[in-house]
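Engineer: With the input below, show me the fold.
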Amino acid sequence: MNVQSFPPIIDENSRILILGSMPGAASLRAHRYYWNPRNYMWRILYALFGDGGLPEEDYDSRISFALSQGIALWDVIASCERKGSLDSEIKQAVPNDLPGLLVRYPGIETLVCNGSKSFSELTKHFGEHSEIRKRTLLRLPSTSPIPTRDYRGLEDRLEAWSRIKSC
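Structural biologist: Predicted coordinates for the structure are as follows:
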């Protein structure tokens, strides 16, 4: 099935751009970034930049919170063929115009790849581009709830993601 990502969530105050690969099925249905309730993204952002409490229930409040912390959201992939939500199922990926976005928002200092697929697609399509190379690039573990060899749950992902606090 052909799927398409959303427009970026970004403003002139954004310093950190978190890049997913492609929203999962639950997020695509809701047309909201990281809307699968099991995904750790919102809990990580609120733990690192908020008062440690749970994320707001309201999506617009979550977006306002992220932007107020200088955090922007987008995906490396604009469209692809994929069944379900797994990155391993992504085929025929077409990238978003990340260099163009960075020209329009020069305040972005750090690009944070949310998982391996985001990182591999970014470096495959734009790894040598000057707009990418002049920024700090962080490859962090996916906020997906699926356990990996190195990341079993929220706590270890939160520890890894704490690196963005110094950006």
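Engineer: The chain: helices as residue ranges?
Structural biologist: 25-30, 41-49, 59-68, 98-104, 116-126, 130-133, 154-161 (DSSP state H).
Engineer: quick one, the third one and helix 41-49 angle?
Structural biologist: Taking axes from the mean of the first three to the mean of the last three C-alpha atoms, to 10 degrees, helix 59-68 and helix 41-49 form an angle of 40 degrees between their directions.
Engineer: Looking at helix 59-68 now, give me its mean pLDDT.
Structural biologist: Across helix 59-68, the average pLDDT comes to 97.
Engineer: With the second one instead?
Structural biologist: Throughout helix 41-49, pLDDT has a mean value of 96.
Engineer: Would you mark the buried spots in that helix?
Structural biologist: Across helix 41-49, burial judged by 16 or more other C-beta atoms under 10 Å covers Met41, Trp42, Arg43, Ile44, Leu45, Tyr46, Ala47, Leu48, Phe49. Any C-beta I mention is one placed from the backbone N, CA and C, and that applies to glycine too.
Engineer: In terms of secondary structure, what does that helix contact?
Structural biologist: Contact here means 3 or more C-beta pairs under 8 Å, 6 or more residues apart in numbering; DSSP states H and E; on that basis helix 41-49 packs against helix 59-68, helix 154-161.
Engineer: please redo it, this time with the cut-off set to 10 Å
Structural biologist: Using 3 or more C-beta pairs under 10 Å, 6 or more residues apart in numbering; DSSP states H and E, the elements in contact with helix 41-49 are strand 16-20, helix 59-68, strand 71-75, helix 154-161.
Engineer: Residues in contact with it: which ones?
Structural biologist: Applying C-beta atoms under 10 Å, 6 or more residues apart in numbering, the contact partners of helix 41-49 are 18, 20, 27, 33-35, 40, 50, 52-56, 59, 62, 65-66, 68-71, 73, 114, 140, 142-144, 154, 157-158, 160-165.
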